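A.B. asks: sequence and computational prediction follow.
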Protein chains: 2
Amino acid sequence: MAKKASSRLEWRINVPDGASKVLEPESGAVGKIWVGLKGCMGIIVLKVWRVLENAWHIGVADPRKVIHCIKVGLALSIVSLFYYMRPLYDDFGGNAMWAVMTVVVVFEYTVGATFYKCINRVIATFLAGALGVGIHLVAEQSGDQLKPIILGISVFLFVTSAATFSRFIPSVKARFDYGAMIFILTFSLVSVSGYRVVELFELAHLRLSTIAIGTSLCILVTMLFCPVWAGCELHHLIHQNMEKLADSLDGCVTEYFKENGSEKDLNKKMQGYKCVLNSKAAEESMANFARWEPTHGRLNFRHPWKQYLKIGASLRNCAYCIETLNSCISSEIQAPPCLRKHFSNKCMKASSYSINVLKELVITIVKMKKSSNIDVKVAEMNFAVEELVDALKSLPTTHFIATTTGEESTKAKAEGVEGSEHPSPIMKVLPLVKVVSMMVEIATRIGGVVNAVEELARLAEFKAAKDGKPKQNQPTDKLVADH
Amino acid sequence: MAKKASSRLEWRINVPDGASKVLEPESGAVGKIWVGLKGCMGIIVLKVWRVLENAWHIGVADPRKVIHCIKVGLALSIVSLFYYMRPLYDDFGGNAMWAVMTVVVVFEYTVGATFYKCINRVIATFLAGALGVGIHLVAEQSGDQLKPIILGISVFLFVTSAATFSRFIPSVKARFDYGAMIFILTFSLVSVSGYRVVELFELAHLRLSTIAIGTSLCILVTMLFCPVWAGCELHHLIHQNMEKLADSLDGCVTEYFKENGSEKDLNKKMQGYKCVLNSKAAEESMANFARWEPTHGRLNFRHPWKQYLKIGASLRNCAYCIETLNSCISSEIQAPPCLRKHFSNKCMKASSYSINVLKELVITIVKMKKSSNIDVKVAEMNFAVEELVDALKSLPTTHFIATTTGEESTKAKAEGVEGSEHPSPIMKVLPLVKVVSMMVEIATRIGGVVNAVEELARLAEFKAAKDGKPKQNQPTDKLVADH
């Protein structure tokens, strides 16, 4: 930068004398620097542009994120009124800063996360303040010059180290990580400043009241203006993942047995299971935040959020299988078309019944009502899978033996191991066998999802759905169209 | 609580009169409360005890976590000296609080995370302070009474909202999430307090210098005393996961083909792939922190950390397959022992060659030297897999047909679909075919891991290993024994 500035300066000064003369010998270096700089600027502009473009897409995809920003601005504006209004300022003075700080640090995207931080902050500040003041008083009582320092430092080290270590314990980390941090912070500040400030009690009172103002403001703003509930998000994520899984399964089977179809659309549909594979971290953090949320809508305070994690795990279990199925489908060696056609109907049937079960579960979760015909659908799925297995069982007698007995079998024997041009009968069937066995395995694992959802229905006391089939079919279509 | 206290009080007052009389009718309620309280206390004590036990195990398993706590205590003790030493206190006054705060907030477990927070904090504070003071000056110049407020609030809203939104952009979130938060915080504090405090420049200078003291102290302590490098952790995690995958594969195949073995030990070994499935979040956060770390040991500043994520993804890809293999193995329907024995050798051979490849990759990563015989090992693996496939191909001619031709085939035909008692030939082979095809798929995916590791060797400019086979076999044994 400095080099570039100086060379540009020289160029400008020399212009009146003879621009061409001085410029000529320098132009190589200057030009290079200029080109390099232009390149750098171009890259920076491009990067910034990409980030902005990215931001635009994020904003369009989820306008609630934009609303969240406005909410933060609103909360900060309100809290800064404490500074601008004389009577309030006189009460709190410089400590009003803590209210601003609280708002900035505590205001989170979801209500649950905001609650988690608020409650942790208030309780941790109170506990650490009380403990700090208590230790300070004890140390003061002991009188000697050295005693308070030794006491102070030893307890200080002990408490902060214990609090720091508690953040490594998973169960503490999930619920009180932020609280432990605030505890260490407040305790350090109190122990350190306790040596100087005499009016410790008044200070503590002021600090606590400013933090209370900040946190209650945050809670009000986050709950009143377009609240984003972590519980709802988790609920939504789980049934969305279930739909994606159903779509992936549908896409995979259609892709495998298709004769000629629109590939692009299918490919995108098939990739849905990848979201399921990667959503573990999101699910866990949402479940952590959701348990701090008060009752909202149909989701109660003590809703069994942990069960959602179990459903998520069973969905991932399915997704592993669909991943393998997907790799079977995209492998180069495929079963001959006649064989595929033979299985096409039964496979499609099994997959569509499996998808029906998943969609029924989606409805159960969305409506939060026990499904009346899930048992029927599971039975249908199991029956379709049985049929598929039977078709596989009967394969040797209808097709397999036909190609291996007689002349062909002796031919195969003669060729022995090298029969790669004439693939041996089992190699012909192998890809199809893999697909079919994956279908069976997926159906088994969907059974696991059904169990997890039924356990949720039991724990959250879902009511039984009132109507029978005719009405329940409508939402399925709507949900599918919605996707 | 109140009820219990009052009833105890009554009991005490009444003792002199006639304990037995008053106690008799009350004893039911008092007893119940007492039992309930004891139960509550018991649960709390048990919970605390479990947390402590958990903490003890964590500390024993990784003593570096205990050291981290001591480091935090050390850094806090040093920084609190600023309060206790007169000359330093006179320089900084109440602002020394910011140094303490910085240490508490910024000190993280790994060096990379500490660097990330330190750099973000310093730069964000500087930028936000400069912008805040600049806006403050412009607003002051414009003179009018209303202008500064409007200007202030509008820019304030705009800047904080933009900064808040930037935290939703993944690329910004990964690198500058903490910075954005500190930017909002500082900017709000400066804009708000700018209205009051005249000595803004001096304040800014003090604040920046205290933060600089806090951050440099953190960096010194974190780097000098038993540093925990995020890069090393990531490096370690990746090759550990690779070993776990190899062990799982070994465990699965041994379990499947074993005649009678020690089950417990094997089962634990087999579950290693689950760690690989769940380590995505850890890998990503470590890679994020690792890029802030300076050169340490053999890991440079611009080490290709992103490639580690790709290796991790390819390992997970393998793990999906091992998961499916595992479910094949634990399914109830199994191939008859004679068939299993037929494949036992070839399968064991293919798996042990696959494991060899993985172990060779582990050595490549641990030693950070290009392996000289990875190509040989991959070729061996591919050859073993070919042999396995050939064995499968030759199956119909050697075994399969033998059971289906002649009397058996007509019997099967006559039984048709219902032949569940006499499982049809394909059903006999099916479980084995699944296992074999999974073995083939796993070998293919190990190929993906090999490619990813080779790309890492290219990007990180690994040197070629000097010696040949004899010496390289030693570490394999050591690594295996180490596990």
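C.D. replies: Thanks, I have it.
A.B. asks: domain-wise, how is chain A divided?
C.D. replies: A:46-224, A:230-395+A:425-460 (the TED database).
A.B. asks: could you dump those to a markdown table with mean pLDDT?
C.D. replies: Listed next are the domains of chain A as a markdown table, based on pLDDT from 0 to 100:
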| stretch | mean pLDDT |
| --- | --- |
| domain A:46-224 | 80 |
| domain A:230-395+A:425-460 | 85 |
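A.B. asks: okay, those in a markdown table with mean neighbour count and distance to B:Arg207 next?
C.D. replies: (Glycine included, C-beta is placed from N, CA and C.) Shown next, in a markdown table, are the domains of chain A (neighbours: other CB atoms under 10 Å in any protein chain shown; distance: least, CB to CB, whole Å):
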| stretch | mean neighbour count | distance to B:Arg207 |
| --- | --- | --- |
| domain A:46-224 | 18 | 12 |
| domain A:230-395+A:425-460 | 19 | 32 |
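A.B. asks: now render these as a markdown table, adding distance to chain B.
C.D. replies: Shown next, in a markdown table, are these (distance: least, CB to the nearest CB, whole Å):
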| stretch | distance to chain B |
| --- | --- |
| domain A:46-224 | 4 |
| domain A:230-395+A:425-460 | 4 |
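A.B. asks: now the most centrally placed residue in chain A: closest residue in space, sequence neighbours ignored.
C.D. replies: For chain A, A:Ala282 is the residue whose C-alpha lies nearest the centre (CA atoms, centre = their mean; 2.5 Å). Distances taken as CB to CB, 6 or more residues apart in numbering or on different chains place A:Leu237 nearest to A:Ala282, at 6.6 Å, with adjacent residues excluded.
A.B. asks: how about the one you found, what does it touch?
C.D. replies: Shown in contact with A:Leu237 (CB atoms under 8 Å, 6 or more residues apart in numbering or on different chains): A:279, A:282-283, A:286.
A.B. asks: do you know how far it is from A:Ile374?
C.D. replies: 21 Å (CB to CB, to the nearest Å).
A.B. asks: what segments of the stretch 1-150 of chain A are helices?
C.D. replies: Using DSSP state H, counting those that start in this stretch, the helices of the stretch 1-150 of chain A run over A:2-61, A:63-84, A:86-92, A:96-106, A:111-141, A:146-166.
A.B. asks: the fifth one vs helix A:96-106, what angle?
C.D. replies: It refers to helix A:111-141. 140 degrees (axes from the mean of the first three to the mean of the last three CA atoms, to 10 degrees).
A.B. asks: could you say which helix or strand holds the residue nearest to the centre of chain A?
C.D. replies: Here A:Ala282 is covered by helix A:280-290, with elements defined by DSSP states H and E.
A.B. asks: who's in contact with that helix?
C.D. replies: Outside helix A:280-290, the residues within contact range by CB under 8 Å, 6+ apart are A:110, A:112-113, A:115-116, A:174-175, A:229-231, A:233-234, A:237-238, A:299, A:303, A:305-306, A:308-309, A:312, A:316, B:278, B:280-281.
A.B. asks: try it again with 7 Å
C.D. replies: Contact partners of helix A:280-290, identified using CB atoms under 7 Å, 6 or more residues apart in numbering or on different chains, comprise A:110, A:112-113, A:116, A:174, A:230-231, A:233-234, A:237, A:305-306, A:308-309, A:312, A:316, B:278, B:281.
A.B. asks: quick one: which of those sit in helices?
C.D. replies: A:112-113, A:116, A:174, A:230-231, A:233-234, A:237, A:305-306, A:308-309, A:312, A:316, B:281 (DSSP state H).
A.B. asks: quick one: which of those residues is nearest to B:Ala75?
C.D. replies: A:Ala174 (25.8 Å; CB to CB).
A.B. asks: for A:Leu131, which non-adjacent residue is spatially closest?
C.D. replies: Using CB to CB, 6+ apart, the closest residue to A:Leu131 is A:Phe187 (6.4 Å).
A.B. asks: how close does the one you found get to B:Val100?
C.D. replies: For A:Phe187, the distance to B:Val100 - CB to CB - is 10 Å.
A.B. asks: then A:Gly28?
C.D. replies: A:Gly28 is 55 Å from B:Val100, by CB to CB.
A.B. asks: one more: A:Ala282?
C.D. replies: As defined by CB to CB, A:Ala282 lies at a distance of 35 Å from B:Val100.
A.B. asks: what's near enough to touch the nearest residue to A:Lys173 once chain neighbours are set aside?
C.D. replies: Leaving aside its chain neighbours, A:Lys173 sits nearest to A:Arg167 (5.7 Å; criterion: CB to CB, 6+ apart). Applying CB under 7 Å, 6+ apart to A:Arg167 gives the contacts A:173, A:177, A:180.
A.B. asks: list the contacts of stretch A:201-214.
C.D. replies: A:79, A:92, A:95-96, A:98-99, A:102-103, A:106, A:121-122, A:125-126, A:129, A:133, A:197.
A.B. asks: mind telling me what element A:Val436 is part of?
C.D. replies: Per DSSP H and E: helix A:425-459 holds A:Val436.
A.B. asks: what packs against that helix?
C.D. replies: helix A:305-329, helix A:337-367, helix A:374-393, helix B:374-393, helix B:425-459 (3 or more CB pairs under 7 Å, 6 or more residues apart in numbering or on different chains; DSSP states H and E).
A.B. asks: mind checking which of the ones you listed is nearest A:Ser248?
C.D. replies: helix A:305-329 (5.3 Å).
A.B. asks: and stretch A:238-257, how far from the chain's centre?
C.D. replies: 20 Å (CA atoms, centre = their mean, to the nearest Å).
A.B. asks: my bad, stretch A:329-348
C.D. replies: For stretch A:329-348 - counting by CA atoms, centre = their mean - the centre lies 36 Å from the chain centre.
A.B. asks: export it to PDB, keeping only CA atoms.
C.D. replies: Output of stretch A:329-348 as PDB, limited to C-alpha atoms (Å, rounded to 0.1, in the frame of the first residue of the first chain):
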ATOM      1  CA  ILE A 329     -28.300 -47.500  -8.000                       C
ATOM      2  CA  SER A 330     -25.500 -45.400  -9.300                       C
ATOM      3  CA  SER A 331     -23.100 -48.300  -9.700                       C
ATOM      4  CA  GLU A 332     -22.100 -49.200 -13.200                       C
ATOM      5  CA  ILE A 333     -22.900 -52.800 -13.200                       C
ATOM      6  CA  GLN A 334     -26.600 -53.300 -13.400                       C
ATOM      7  CA  ALA A 335     -29.000 -56.100 -13.600                       C
ATOM      8  CA  PRO A 336     -30.300 -56.900 -17.200                       C
ATOM      9  CA  PRO A 337     -33.500 -54.900 -18.000                       C
ATOM     10  CA  CYS A 338     -35.700 -58.000 -18.200                       C
ATOM     11  CA  LEU A 339     -34.900 -58.900 -14.700                       C
ATOM     12  CA  ARG A 340     -35.400 -55.400 -13.500                       C
ATOM     13  CA  LYS A 341     -38.800 -55.300 -15.100                       C
ATOM     14  CA  HIS A 342     -39.700 -58.500 -13.400                       C
ATOM     15  CA  PHE A 343     -39.100 -56.800 -10.000                       C
ATOM     16  CA  SER A 344     -40.200 -53.300 -10.900                       C
ATOM     17  CA  ASN A 345     -43.800 -53.600  -9.800                       C
ATOM     18  CA  LYS A 346     -43.100 -55.300  -6.500                       C
ATOM     19  CA  CYS A 347     -40.200 -53.000  -5.600                       C
ATOM     20  CA  MET A 348     -42.300 -49.900  -6.500                       C
END
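A.B. asks: right, I'll leave it there.
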